[in-house]
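*Asks:* got a predicted structure plus its sequence, pasted below:
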Amino acid sequence: MTPITWNAAAFFKQLTETNKLAVENHFRFCEISSLKGLENVVKSMQNTTAWVCCCDNDAGSVVMNDNTPHTTLSKMVVMAMRYNSDDMAARANCINKMATIFRQFCSALLTKEMDILDEDTKFNHDIELHVIPNIITPGVAAMYFVIGTNTMHDLCYDHDEWITPNAND
């Protein structure tokens, strides 16, 4: 079984463009390749006040246990909002809005899971939301979450997958 890759960027772009709270707060979708990419986005989009950014790199791992061997592939989503850097109440308000959007995005993931993934792949339903310390740029509150897909595998050794050395060599 090959691990499924899903187009997380397209999925979160659609969610960003159709979520009422994201639209009301002028969130703009973009793709990044790392958290450093968020810093570049914030610097280059001076007139943008809020972002949902998807890092669509497939980081992952293989879990090789006896009961549920599987491959996990992960996508990172970062949300950020500008605020007056001297106003901690405004920062808290931004974090609350992003946490609400996160919850709404998770409900969409759960609802659409069967449409996105095949029967051997499921989302990891333990999705943590993390606040990024105010290190990207002053006056920008940021949070991220990582979504993993788990694809179950049969890890039994199959001799047919290997070249057998010729005994006459």
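*Replies:* Looks like it arrived, so ask away. Residues are numbered from 1 along each chain as shown.
*Asks:* which residues sit in contact with the residue nearest to N124 when sequence neighbours are not counted?
*Replies:* Leaving out its chain neighbours, the residue that sits closest to N124 by CB to CB, 6 or more residues apart in numbering is G148, at 3.8 Å. Where C-beta positions appear, they are placed from N, C-alpha and C, glycine not excepted. Shown in contact with G148 (CB atoms under 8 Å, 6 or more residues apart in numbering): G60, T72, L73, S74, K75, F123, N124.
*Asks:* what does N40 give?
*Replies:* Applying CB under 8 Å, 6+ apart, the residues near N40 are I32.
*Asks:* V52 too?
*Replies:* F12, L15, T16, A22, F27, R28, F29, C30, V77, V78, M79, I101.
*Asks:* circling back: so how far is the helix or strand containing the residue nearest to N124 off the chain centroid?
*Replies:* Element membership for G148 (DSSP states H and E) is strand 140-152. Here strand 140-152 shows a centroid-to-chain-centroid distance of 4 Å under the convention CA atoms, centre = their mean, to the nearest Å.
*Asks:* same check, this time on stretch 96-116
*Replies:* 11 Å.
*Asks:* what lies in contact with it?
*Replies:* 6, 11-12, 15, 19, 21-22, 25, 27, 52, 77, 79-81, 122-123, 125, 127, 129, 141, 143, 145, 147.
*Asks:* one more: stretch 120-137?
*Replies:* By CB under 8 Å, 6+ apart, stretch 120-137 touches 1, 3-4, 35, 38-39, 42-43, 72, 78, 80, 91, 95, 99, 102, 106, 109-110, 113, 117, 140-152.
*Asks:* next, the buried residues of the helix ranked longest in the chain.
*Replies:* For the chain, the helix with the greatest residue count under DSSP state H is helix 88-116. Going by neighbour count (16 or more other CB atoms under 10 Å), the buried part of helix 88-116 is A90, R91, C94, I95, K97, M98, I101, F102, F105, C106, A108, L109.
*Asks:* starting at the chain centroid, how far to the helix-or-strand element of the chain with minimal mean pLDDT?
*Replies:* Across the helices and strands of the chain, mean pLDDT, DSSP states H and E gives its lowest value to helix 35-44, namely a mean of 75. Averaging C-alpha positions (CA atoms, centre = their mean) puts helix 35-44 17 Å from its chain's average.
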